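**Q** how does the following fold in three dimensions:
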Amino acid sequence: MDTCYRSYPLMPPAIFRNQANYKYFSKRFGEKDNLYLTLNEIDDYFLQPKQKADRNGIGSKTTLDPRNKKEVAKVCYDYTTHTVRHKPYIFYSKSPSTMNCYTHAFGVRIVKALQDCISLNDEDFYKWNSLRAIRSKEDSQFQKFVFDYQEKNKEQLYLQTKTLTQLYKQWYDEKIKMLKARIPARAYSAHLGLPHIRVCKAFLTDQISEISEPNLISHKGYIRRVNKEETLSYEVLARNIVKYAQDYNNSLEEENLMQLSLQDDFLSNLKQRETSLHTFYIPLETIMFLLTAGDYVDLPTEVLFEIKKIEPDMENSSKLVIMEEPLPSRVCGWHTHKKVVEQAVLALLSNEEKQQDVPLKRKLIAGNTNDDLKREGTLANCLEYRLVDIETYMRSFEVNKTSACKFSKMLARWTLKTVESVTNPEIYTSMDVPSGIDEQSHMTTIKMEYKTRFGCEILTKYEMLREWFRLKLMKHPQIICCRLDVNTYQTVAQETLTLERLEKSLFTRYNLNMAQILYNLSEFLKLLLTMPNSFYMLRYNPKFKDKVILCRSSEQETQNTVYLHELLQTNPSDLAFISQQNYLPIANDVCSSMHLKHKVIPCAFRPFSTFAKSRQKALKRLAKPLNDRDLILKKASGKKAIKLRESATKKNKTRKRRREGRLKFANQEKERMDLQKEIESDRMFFVN
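**A** Got it, this is the predicted structure:
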């Protein structure tokens, strides 16, 4: 045998590369288990996960540190970057789009340019305008499709908002404690009903008004200077939003003190000016209450204010109306969720490590060193080096981390200028400065998105009016709106908001003209000036949709008496928001990351090409490998189905042949009967 094997030529070793050792093929089958396993060996491809686990047995893995080859006692994971790998999901619909994929790619480019306030050339404008009829028809069908989906999956869409609801309840409790300590327990009785701003006479006439002479009076708080290229990572909120919300709640006292200091600045400025005009102090949130009360179920419904004379000693003195911020809403919804996230973002900015401040301190140390070197008269080409004690050097690298929020508020003075009135009352408005930014043309705001699978929702009327007043009073050209996914807090889109874009959106989506709205506001403020001096409460009741109830402070108890502290004891809930039909349409002028990735026009179905490809991918994804038993059963069932089809075909042929025979026999019988009738008729003719 040895000589026989030696007769074969030597094979190159490359053939046996990546092959098992020869001992693997020459193992003995002394034990029955080895023989059984070898004869009945099954590939892992045909095994189910449970069978694979049984075959592999119980095992464990340990992580070794590559530096010292020791076992790692604790493994830390970074959950803040998991959303970066998050792929935008797209909706699935039974019907494809009427436009092809090339039209969708062109439309996405146009919408993205308009979203970033980039002008279009004439060719793109005319081509995009020619698709208006097709887009509007598909837009209505798409909105109905999304509305039906929301009605069926409403709890799933708002499942992640339970955390925001709990955080809002915590903030509500802290806020109510402060209000009860600051505001006395008064009783308010219904005085009369004032017309809502949306039903004032400006809608029946052509009277308009405008904001004139907006001036910054004072600024309180910190200034955070950022560049336009700097972007804030909101994904951190997915893990630490509870912590940041708690930091904001711990700083409510500082916010209250800053708000009171703004009122002191207002009174001191009013005293210095010695004006004879009627004056209003209205926070921005109170203006939003006057304009949008009752439009959404989760908006505030009460506002406290006081009417008094500027000069108490004078009889014909001008009136002073000081309004508080609206009482916190007792219904959780879109706007309360956004409020909680904005508070967490403010705490995130306050606790952020400001690395830009560290080089300034180092430059200060280097500057002192350079001065000493120049003073000593050293050579120009020598190294700028100085011995600094370790405490001074390490102090330059310190980062102050505080849990308190750094607020930023401003006070602006403006007037409502109308054509018919000569003297217009002065209005002072306090507002939050977004992100504490000053002397920069870069402002940011956020919008929570609940249906990112379908696109971005339109801004509510409250959000549009709020951003419009911010831009107008702060004299900023634009503001960047970051659309955040409510599940992952990832920025799915960025929209550039300008005054023109907001005014156009208000007119097309809510049929609102800002000039008429401002005139309605001026008419409403004139009604307040006719009231006697006292403490009041403006309250909205859903039973009277076109009225705002004016309640006056009174000690007499009536049927409509409202006790302030009892009103504040009501716990907030989201039951009214979930039970009602609250639907925000998808915006057709905002491209999200889903639209950019899949090249789909907003508010349109998917084109047929991507529709078919995704369908094939879905079918491939659903296909699962079969094990040997299922494979045999499938083959057996296939053979049985073939036999059944063959027998059914034979039966059909037999039935067809028999049916044709019966028809042929019936035709022959009919011909025979007709012939017999003719013979009998001829016989009778000849007999007669």
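**Q** count residues in the vicinity of residue 586, would you?
**A** Using other C-beta atoms under 10 Å, residue 586 has 21 neighbouring residues. Just so you know, the C-beta spots here come from the backbone N, C-alpha and C atoms, and that holds for glycine as well.
**Q** surely it and residue 457 touch.
**A** Yes. Counting by C-beta atoms under 8 Å, residue 586 does reach residue 457; the two are 6.2 Å apart.
**Q** where do the contact lists of these two overlap?
**A** Common neighbours of residue 586 and residue 457, counting by C-beta atoms under 8 Å, 6 or more residues apart in numbering, are residue 451.
**Q** give me the number of residues near residue 464?
**A** Residue 464 has 22 neighbouring residues, counting by other C-beta under 10 Å.
**Q** show me the beta-bridge partners of the most centrally placed residue in the chain.
**A** When C-alpha atoms, centre = their mean is applied to the chain, the residue found nearest the centroid is residue 449 (1.9 Å). With DSSP bridges as the criterion, residue 449 is bridged to residue 485.
**Q** pLDDT weak spots in the stretch 1-150 of the chain?
**A** Along the stretch 1-150 of the chain, the model assigns pLDDT under 70 to residues 1-43, 45, 58-59, 75-87.
**Q** tell me the secondary structure at residue 62.
**A** Assigned state for residue 62: coil (three-state reduction, DSSP: H, G, I helix; E, B strand; the rest coil).
**Q** right, and it touches residue 73 too?
**A** No. Residue 62 is beyond contact range of residue 73, at 10.4 Å (criterion: C-beta under 8 Å).
**Q** ok, residue 521 - contacts?
**A** Taking C-beta under 8 Å, 6+ apart, we find residue 521 in contact with 197, 209, 287, 290, 291, 416.
**Q** that one is in what secondary structure piece?
**A** Under the criterion DSSP states H and E, the helix or strand holding residue 521 is helix 514-529.
**Q** quick one: buried residues of that helix?
**A** Within helix 514-529, the residues that count as buried by 16 or more other C-beta atoms under 10 Å are 514, 516, 517, 518, 519, 520, 521, 522, 523, 524, 525, 528.
**Q** okay, those in JSON lines with distance to residue 602 next?
**A** Formatted as JSON lines, the buried residues of helix 514-529 follow (distance: C-beta to C-beta, whole Å):
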{"residue": "514", "distance to residue 602": "25"}
{"residue": "516", "distance to residue 602": "29"}
{"residue": "517", "distance to residue 602": "27"}
{"residue": "518", "distance to residue 602": "31"}
{"residue": "519", "distance to residue 602": "34"}
{"residue": "520", "distance to residue 602": "32"}
{"residue": "521", "distance to residue 602": "33"}
{"residue": "522", "distance to residue 602": "37"}
{"residue": "523", "distance to residue 602": "38"}
{"residue": "524", "distance to residue 602": "37"}
{"residue": "525", "distance to residue 602": "39"}
{"residue": "528", "distance to residue 602": "42"}
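**Q** between which two of the residues you listed is the distance greatest?
**A** Largest separation among the buried residues of helix 514-529 by C-beta to C-beta: 514 and 528, giving 21.3 Å.
**Q** just checking, what packs against the helix or strand hosting residue 257?
**A** In the assignment (DSSP H and E), residue 257 maps to helix 252-273. Helix 252-273 sits against helix 162-182, strand 209-221, strand 279-281, strand 408-418, strand 426-432, with contacts defined as 3 or more C-beta pairs under 8 Å, 6 or more residues apart in numbering; DSSP states H and E.
**Q** got the ones you listed as CSV, with mean neighbour count and mean pLDDT columns?
**A** Output for the helices and strands packed on helix 252-273, formatted as CSV (neighbours: other C-beta atoms under 10 Å; pLDDT from 0 to 100):
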stretch, mean neighbour count, mean pLDDT
helix 162-182, 16, 93
strand 209-221, 15, 87
strand 279-281, 21, 93
strand 408-418, 19, 90
strand 426-432, 21, 92
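**Q** and those as a markdown table, adding distance to residue 46?
**A** Shown next, in a markdown table, are the helices and strands packed on helix 252-273 (distance: least, C-beta to C-beta, whole Å):
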| stretch | distance to residue 46 |
| --- | --- |
| helix 162-182 | 44 |
| strand 209-221 | 67 |
| strand 279-281 | 78 |
| strand 408-418 | 65 |
| strand 426-432 | 64 |
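**Q** and of these, who's closest to residue 251?
**A** Nearest to residue 251 among the helices and strands packed on helix 252-273 is helix 162-182 (10.1 Å), distances taken as C-beta to C-beta.
**Q** ok now that closest one, how far from the chain's centre?
**A** 23 Å (C-alpha atoms, centre = their mean, to the nearest Å).
**Q** elements contacting that helix?
**A** helix 237-250, helix 252-273, helix 334-351, helix 564-568.
**Q** and the shortest one, what's buried?
**A** The one in question is helix 564-568. Within helix 564-568, the residues that count as buried by 16+ other C-beta under 10 Å are 564, 568.
**Q** what residues does that helix touch?
**A** Here helix 564-568 has contacts from 176, 179, 180, 183, 185, 186, 187, 188, 302, 304, 327, 537, using C-beta under 8 Å, 6+ apart.
**Q** how far away from the center of its chain is that helix?
**A** With C-alpha atoms, centre = their mean as the basis, helix 564-568 stands 33 Å off its chain's centre.
**Q** let's test this: mean pLDDT of it, rounded?
**A** Average pLDDT, helix 564-568: 88.
**Q** how about the next helix or strand after that helix as CSV, C-alpha atoms only?
**A** Sequence-wise, the next helix or strand downstream of helix 564-568 (DSSP H and E) is helix 575-579. Only the C-alpha atoms of helix 575-579 are listed here, as CSV (Å, rounded to 0.1, in the frame of the first residue of the first chain):
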residue,chain,number,x,y,z
LEU,A,575,-57.9,62.4,28.4
ALA,A,576,-59.7,65.2,26.6
PHE,A,577,-56.9,65.4,24.0
ILE,A,578,-56.9,61.7,23.2
SER,A,579,-60.7,61.4,23.1
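**Q** for the following helix or strand past helix 575-579, list every residue counted as buried.
**A** Sequence-wise, the next helix or strand downstream of helix 575-579 (DSSP H and E) is helix 593-598. For helix 593-598, the neighbour count (16+ other C-beta under 10 Å) marks 593, 594, 595, 596, 598 as buried.
**Q** reformat those as CSV; add distance to residue 543.
**A** Listed next are the buried residues of helix 593-598 as CSV, based on distance: C-beta to C-beta, whole Å:
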residue, distance to residue 543
593, 44
594, 42
595, 42
596, 46
598, 47
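**Q** list just the nearest of those to residue 126.
**A** Nearest to residue 126 among the buried residues of helix 593-598, with distances taken as C-beta to C-beta, is residue 595, at 22.6 Å.
**Q** quick check: the closest one vs residue 131, distance?
**A** Counting by C-beta to C-beta, to the nearest Å, the separation of residue 595 from residue 131 is 16 Å.
**Q** next: residue 455.
**A** With the distance defined as C-beta to C-beta, residue 455 ends up 18 Å from residue 131.
**Q** ok, the residue nearest to residue 432 when sequence neighbours are not counted - contacts?
**A** Distance criterion C-beta to C-beta, 6 or more residues apart in numbering; nearest residue to residue 432, sequence neighbours excluded, is residue 409 at 5.8 Å. Taking C-beta under 8 Å, 6+ apart, we find residue 409 in contact with 219, 220, 221, 258, 259, 262, 430, 431, 432, 433.
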